[in-house]
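Engineer: Structural data only, the sequence is not supplied:
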């Protein structure tokens, strides 16, 4: 189908202030009378109240930005990074040069040490990527760097990436959390299970993790670059939306994320906090496991796409926070095709397609979602809308970590999920979500496979000319839309509640929480 799709309920969440006592699980975290968080030594502490815990702290095994936000540019750093304008800049590498189509050389900083005191050098870079690419380690993120044939040490501070084939977006992937460099001592000590001691070169050191409660990082006093302005950060797990917001009002937290759309107006009217908003690279979408009946029939998937009325969902469920999507790729991502059209709302066509597929009276199925209010609301609206074509949909709500595990293993039929596209390049979206080699935990939870799409994605990785790369990705997106392994919902807008005492906080388009410049009055 070539190139914009076509009544939802709005579930108003009543918000009331909740008095919190003894909320902190750490005895050395307190609150001054003016709401400033402090530790027992008088330093500043940033408390971030979050809906869900990280699934792990090993960036080579992470499948979510939720986890990566704890470690990326905090514990771990890569050879390069993106600046506030999303341009690639030096980080642990001072400079680089593409020697030929398959060889990239990086000159490394000389003044960097890991948190355990081990010097950072070319051997550390090699050891990190050797671990990532080792089949025995079985990292689900290895697929992102599958084109790396060898990481070669030239001298103590020079390293080369030898590729098996040209890969134009290499720098964009190295800037992502999978490219974070790990202390070689930690790899030797823990091997596959470095979750016990995440150890990088970043501005924060790992202190503790109480699963389901909080993760605490402390300032790296020996950091090679600009030191953070806060002494400690506490990523506190607070599943209840109203509690997260109340913690800011009482001064027990300074940031709450994600912010439920239904309470945005109340946050905006508060004298203690304000709403942070920024457009992201990512999208939210409804996915199908195309290996499960009846979703292995493209006519069924297209029928459902025609039966979902997206305009009312964007207005009713999301209150117009985040614009309607026409692709699995956000509009700020390189390679996005603005001319692509999603399926229009057409119940007559939906019923026709279901009949052709052998389901004239519909069928029973289940839609899986994580436990966030907007996602649950979306699932219930879809449930209501699909009754119009005879589909009886059961809504199954799961805790975030369990939800991710289930969809990664293919134990789903329909599901609601998002992809943050951390690199800002189409390849990260296309290869992870739609390439046959990425089925499962790597991102392709549709378990979708199309040789033509694979060939286009592979061609886009090799092509240097930006205009030609855009043409390639436009063709891939068109085929994917016609195959309908997903229904685009909206371009994600990053939304958080922050204390008015906090300055310098942002959320990158990739979805990472940026806290290195945060100050707490």
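Structural biologist: Alright, I've got the coordinates. Note that the structure is a prediction, hence the values are computed from the model and not measured.
Engineer: residue contacts, the nearest residue to residue 222 once chain neighbours are set aside?
Structural biologist: Distance criterion CB to CB, 6 or more residues apart in numbering; nearest residue to residue 222, sequence neighbours excluded, is residue 113 at 6.5 Å. (C-beta placed from N, C-alpha, C; glycine too.) Going by CB atoms under 8 Å, 6 or more residues apart in numbering, residue 113 touches 119, 120, 201, 222, 224.
Engineer: If I look at residue 4, what pLDDT would I see?
Structural biologist: Looking at residue 4, its pLDDT reads 37.
Engineer: Equivalent analysis for residue 32, please.
Structural biologist: Residue 32 carries a pLDDT score of 40 in this model.
Engineer: do the same with residue 152
Structural biologist: pLDDT, residue 152: 98.
Engineer: Just to check, it is in contact with residue 158?
Structural biologist: No - using CB atoms under 8 Å, residue 152 is not in contact with residue 158; the gap is 9.3 Å.
Engineer: max-length helix in the chain?
Structural biologist: When the chain is parsed with DSSP state H, its longest helix is helix 466-483.
Engineer: Show me how far that helix is from its chain's centre.
Structural biologist: Centroid separation for helix 466-483 versus its chain: 22 Å, with CA atoms, centre = their mean, to the nearest Å.
Engineer: quick one: buried residues of that helix?
Structural biologist: Residues 469-478, 480-481, 483 are the ones in helix 466-483 that count as buried (16 or more other CB atoms under 10 Å).
Engineer: now stretch 302-318
Structural biologist: Neighbour-count burial for stretch 302-318, with 16+ other CB under 10 Å as criterion, is recorded at 302-310, 312-314, 316-318.
Engineer: got it, and stretch 443-457?
Structural biologist: By 16+ other CB under 10 Å, the buried positions in stretch 443-457 come out as 443, 444, 445, 446, 447, 448, 449, 450, 453, 454, 456, 457.
Engineer: Restricted to helices, list the residues you listed.
Structural biologist: Going by DSSP H, the helices hold 453, 454, 456, 457 from those.
Engineer: Which positions in the strand ranked longest in the chain come out as buried?
Structural biologist: When the chain is parsed with DSSP state E, its longest strand is strand 273-288. Judged by neighbour count using 16+ other CB under 10 Å, the buried positions of strand 273-288 are 273-276, 280-288.
Engineer: Tell me which other helices or strands that strand touches.
Structural biologist: Other helices and strands packing on strand 273-288, by 3 or more CB pairs under 8 Å, 6 or more residues apart in numbering; DSSP states H and E, are helix 241-249, helix 264-268, helix 298-307, strand 414-419, strand 486-499, strand 506-507.
Engineer: Listing partners with orientation, what would you give for the next helix or strand after the shortest one?
Structural biologist: The reference is to strand 506-507. Remark: after strand 506-507, the chain's next helix or strand is strand 513-514, criterion DSSP states H and E. The strands beside strand 513-514 in its sheet (DSSP bridges) come out as strand 506-507 (antiparallel).
Engineer: Now that residue 508 has come up, it's in contact with residue 514, right?
Structural biologist: Yes - the pair residue 508 / residue 514 is scored as a contact, 5.8 Å apart, by CB under 8 Å.
Engineer: Show me which of those two is the more surrounded one.
Structural biologist: Comparing residue 508 with residue 514 by other CB atoms under 10 Å, the one with more neighbours is residue 508, at 22 against 17.
Engineer: and residue 205, how many neighbours?
Structural biologist: Residue 205 has 21 neighbours, counted by other CB under 10 Å.
Engineer: from what I can see it touches residue 222, true?
Structural biologist: No - the pair residue 205 / residue 222 is not scored as a contact, 9.3 Å apart, by CB under 8 Å.
Engineer: partner residues bridging residue 425?
Structural biologist: Per DSSP bridges, residues listed as beta-bridge partners of residue 425: residue 334.
Engineer: now that we're looking at it, which residues does it contact?
Structural biologist: Counting by CB under 8 Å, 6+ apart, residue 425 touches 169, 172, 173, 333, 334, 335.
Engineer: so, if you compare those, which one comes nearest to residue 380?
Structural biologist: residue 333 (29.6 Å; CB to CB).
Engineer: doesn't residue 281 make contact with the closest one?
Structural biologist: Yes - judged on CB under 8 Å, residue 333 makes contact with residue 281 at a distance of 5.1 Å.
Engineer: For the nearest residue to residue 415 once chain neighbours are set aside, give me its contacts.
Structural biologist: Distances taken as CB to CB, 6+ apart put residue 368 closest to residue 415, at 4.3 Å, once the chain neighbours are dropped. Going by CB under 8 Å, 6+ apart, residue 368 touches 396, 398, 403, 406, 407, 412, 413, 414, 415, 416.
Engineer: just residue 163 next, same as before
Structural biologist: 101, 102, 103, 104, 147, 148, 149, 170.
Engineer: mind giving me CSV with these and columns for neighbour count, distance to residue 375 and secondary structure?
Structural biologist: What follows is the contacts of residue 163, written out as CSV (neighbours: other CB atoms under 10 Å; distance: CB to CB, whole Å; DSSP: H, G, I helix; E, B strand; the rest coil):
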residue, neighbour count, distance to residue 375, secondary structure
101, 13, 43, coil
102, 15, 42, coil
103, 15, 44, strand
104, 22, 40, strand
147, 19, 34, coil
148, 20, 35, strand
149, 14, 40, strand
170, 22, 34, helix
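Engineer: just curious, which of the residues you listed is nearest to residue 465?
Structural biologist: Using CB to CB, those come closest to residue 465 at residue 101, 13.1 Å.
Engineer: that older thread, just put the buried residues of strand 273-288 in a markdown table and tack on distance to residue 241 and pLDDT.
Structural biologist: As requested, those are exported to a markdown table (distance: CB to CB, whole Å; pLDDT from 0 to 100):
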| residue | distance to residue 241 | pLDDT |
| --- | --- | --- |
| 273 | 14 | 96 |
| 274 | 17 | 96 |
| 275 | 14 | 96 |
| 276 | 16 | 96 |
| 280 | 20 | 92 |
| 281 | 25 | 93 |
| 282 | 21 | 92 |
| 283 | 23 | 96 |
| 284 | 18 | 96 |
| 285 | 23 | 98 |
| 286 | 23 | 98 |
| 287 | 24 | 98 |
| 288 | 29 | 98 |
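Engineer: Looking at the residues you listed, which one is closest to residue 55?
Structural biologist: Closest to residue 55, out of all of the buried residues of strand 273-288 and judged by CB to CB, is residue 282, at 17.7 Å.
Engineer: wait, that closest one sits on residue 490?
Structural biologist: No - judged on CB under 8 Å, residue 282 makes no contact with residue 490 at a distance of 9.8 Å.
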